[in-house]
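Trainee: Kindly return the folded structure for what I paste below:
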Amino acid sequence: MSRFFDPPVAKPLLPKDKIDKVYKSMRFKVFMGAFLGYAAYYLVRKNLSLAAPDMIEQGLMDKAGVGIAMSAVSIAYAFSKFIMGSVSDRSDARKFLVVGLLLSAITMMCVGFIPFGLNQALNVGIVFALMLIIGWLSGMGWPPCGRVMAYWFSQNERSFKMSIWNTSHTLGGGTLGLLVSLGVVIFAGIGIEQTWRAAFIVPSAVAILIAIFCWWALRDRPEACGLPSVQDWRNDYTGVKKADKTGEKIPFKTLFVDYVFKNKFLWVIAFANAFVYMVRYGVGDWAPTYLQEMNIMNDKESNLAFALHNYAGIPGTIICGWISSKFFKGRCTPPNIIFMAAVLIGTLIYWQAEPIATFLAGNSPEAVTATMKGLVYFALCLIGFCIYGPVALIGIQALNLVPKNAAGTAAGFVGLFGYLLGDAILSKMVMGTMSESMGWHFTFILLSVASVLAILLCGLTWSSEKKMAEA
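Mentor: Next up is the predicted model:
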């Protein structure tokens, strides 16, 4: 089985008169394969967030249990992304991504067919176990995409191109909300009472179809297609070049110790990533439950808010990457600080939507309700617009700090902090428990503090990144 994932061998170069045409065509296909493939991973990752309100209402779980169950994806994904990152550095990106996506979709679909009872502890245990599997399989998504982007796009263009690519998960997350709403309507129409099952089944079916497309579109690296390296094709040799022999397998110990563990800047952005991810998932994953429990929105409105929050990240991520390339010569720190400051403002508006609405709308209950919903939509869109830029650029910083052969390992290391500390522990376990025992207001304090810490940690890389860019 290990030989199945081995990278394809380099092929003889195509005739010179065909290289440009083939290169441009292949880069578009590969980009679309990585874009839609990673988007599909988000169709089969956050499904429990949208099913949770109904499952809580039907007594299948409570909020603490949902938080524990949701944390399983993040815990497994944190370690999987790190370990699978090093494996993917020595594997065929095409096979790696597609196999992981297919298995993730099948597993998530199975959750929708489980005959849950009213024993909450048992239900949480079953879902936790399946989410662990899904989280581990999800780790087969980002690393091969990082490998593809590193091999098919040079560093000078990578900041902007990867910002566009990174909108894939916001597209996937937003589409998940719409697919769940569609699935609920379909299930209700055919007489299925537990419509929350649609949150697991319908998006999984779509993900399987996308996996088939990815098998057709993706290729591991240019040399395996009879093309020169992207540096030779573009005559662009910017960036780290040591230990960059095409197809060379570097031992994991060397990858981790020499290029990751000893790199102090990776540690700084790894901790910054943890707090960015806490806000990212602390806001997004709990939005449907919070909005419905606080009677701010019904299920359809909260699903729409979830979708808009994610979709807002598409232009936000692109603009953040464009700002990085246009005004800061590819530096990531300045736009990270700017966008996280805006996230903090959005979080405060989201938190204080009711008193702000009361101040703006006066004594009319109808006007207050309408204004409050408008503020919530605005705040979630502002947070979504701004949070995914730093998510993307921190990942790009990790790639820029190491040789291409270590790209997956570096991305996995930074992701380990984001998903284990920021997502699983802080945004799932801590927020789930705190909201159950101390109320939602305390969780907003945590989100605000996390935004400030992310800004401060990103600021620590300002001088070092500037010197690196000028070198």
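
Trainee: Could you use CA atoms for every contact and neighbour count after this?
Mentor: Fine.

Trainee: wait, what's in contact with the residue nearest the centre of the chain?
Mentor: Centre of the chain computed as the mean C-alpha position; nearest residue by Cα atoms, centre = their mean is His169, 5.2 Å away. Contacts here follow Cα atoms under 8 Å, 6 or more residues apart in numbering; on that basis His169 touches 38-42.

Trainee: Let me know the helix or strand that it is in.
Mentor: Assigned by DSSP states H and E, His169 belongs to helix 167-189.

Trainee: Quick check: which ranges of the stretch 1-150 of the chain have low pLDDT?
Mentor: 1-2 (pLDDT under 70).

Trainee: Helices along that one, start to end?
Mentor: With helices called from DSSP state H, counting those that start in this stretch, the stretch 1-150 of the chain shows them at 16-41, 47-57, 63-88, 93-111, 120-138, 142-152.

Trainee: Now Leu36. Nearest residue, chain neighbours left out?
Mentor: Excluding the flanking residues, the one nearest Leu36 by Cα to Cα, 6 or more residues apart in numbering is Ser168, at 6.5 Å.

Trainee: Can you tell me how far that neighbour is from Arg331?
Mentor: Note on Ser168: its distance to Arg331, by Cα to Cα, to the nearest Å, is 22 Å.

Trainee: got it, and Phe359?
Mentor: Distance, Phe359 to Arg331, by Cα to Cα: 41 Å.

Trainee: which residues touch Leu14?
Mentor: 226-227.

Trainee: Let me know the distance separating it from Tyr23.
Mentor: Distance, Leu14 to Tyr23, using Cα to Cα: 10 Å.

Trainee: residues shared between the contacts of the two?
Mentor: Residues touching both Leu14 and Tyr23 by Cα under 8 Å, 6+ apart: Leu227.

Trainee: about what we covered before: does the residue nearest to Leu36 really touch Phe35, like I thought?
Mentor: Yes - judged on Cα atoms under 8 Å, Ser168 makes contact with Phe35 at a distance of 5.3 Å.

Trainee: In terms of neighbours, single out the busier of those two.
Mentor: The neighbour count for Ser168 versus Phe35, taken as other Cα atoms under 10 Å, is higher for Ser168 (25 against 22).

Trainee: Show the model's pLDDT score for Arg221.
Mentor: What the model reports as pLDDT for Arg221 is 87.

Trainee: Could you check how many residues crowd around the closest residue to it other than its chain neighbours?
Mentor: With sequence-adjacent residues excluded and distances taken as Cα to Cα, 6+ apart, Arg221 is closest to Tyr151, at 5.7 Å. Here the count is done by other Cα under 10 Å, and Tyr151 has 21 residues near it.

Trainee: contacting residues for Met429?
Mentor: Per Cα under 8 Å, 6+ apart, neighbours of Met429: 64, 67-68, 71.

Trainee: looking at those residues, which has the most residues close by?
Mentor: Most neighbours among the contacts of Met429, by other Cα under 10 Å: Gly67, with 29 neighbours.

Trainee: counting contacts, what elements does the helix or strand harbouring His309 pack onto?
Mentor: Per DSSP H and E: His309 is located in helix 299-311. Other helices and strands packing on helix 299-311, by 3 or more Cα pairs under 8 Å, 6 or more residues apart in numbering; DSSP states H and E, are helix 167-189, helix 264-284, helix 287-293, helix 365-400.

Trainee: After it, which helix or strand is next?
Mentor: On the C-terminal side of helix 299-311, the closest following helix or strand by DSSP H and E is helix 313-327.

Trainee: What residues sit buried inside that following helix?
Mentor: Neighbour-count burial for helix 313-327, counted by 16 or more other Cα atoms under 10 Å, picks out 313-325.

Trainee: Now do the helix or strand just after it: everything it contacts.
Mentor: Next helix or strand after helix 313-327 toward the C-terminus (DSSP H and E): helix 333-351. Helix 333-351 is contacted from outside by 320, 323-324, 328, 356, 375-376, 379-380, 382-383, 386-387, 389-390, 393, 441, 444, 447-448, 451-452, 454-455, 458-459, 461-462, 465, using Cα under 8 Å, 6+ apart.

Trainee: ChimeraX command for the buried members of those?
Mentor: Buried residues within the contacts of helix 333-351, by 16+ other Cα under 10 Å, are selected in ChimeraX with:
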select :320,323,324,356,375,376,379,380,382,383,386,387,389,390,393,444,447,448,451,452,454,455,458,459,461,465
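
Trainee: Having no further points to raise, I will conclude here.
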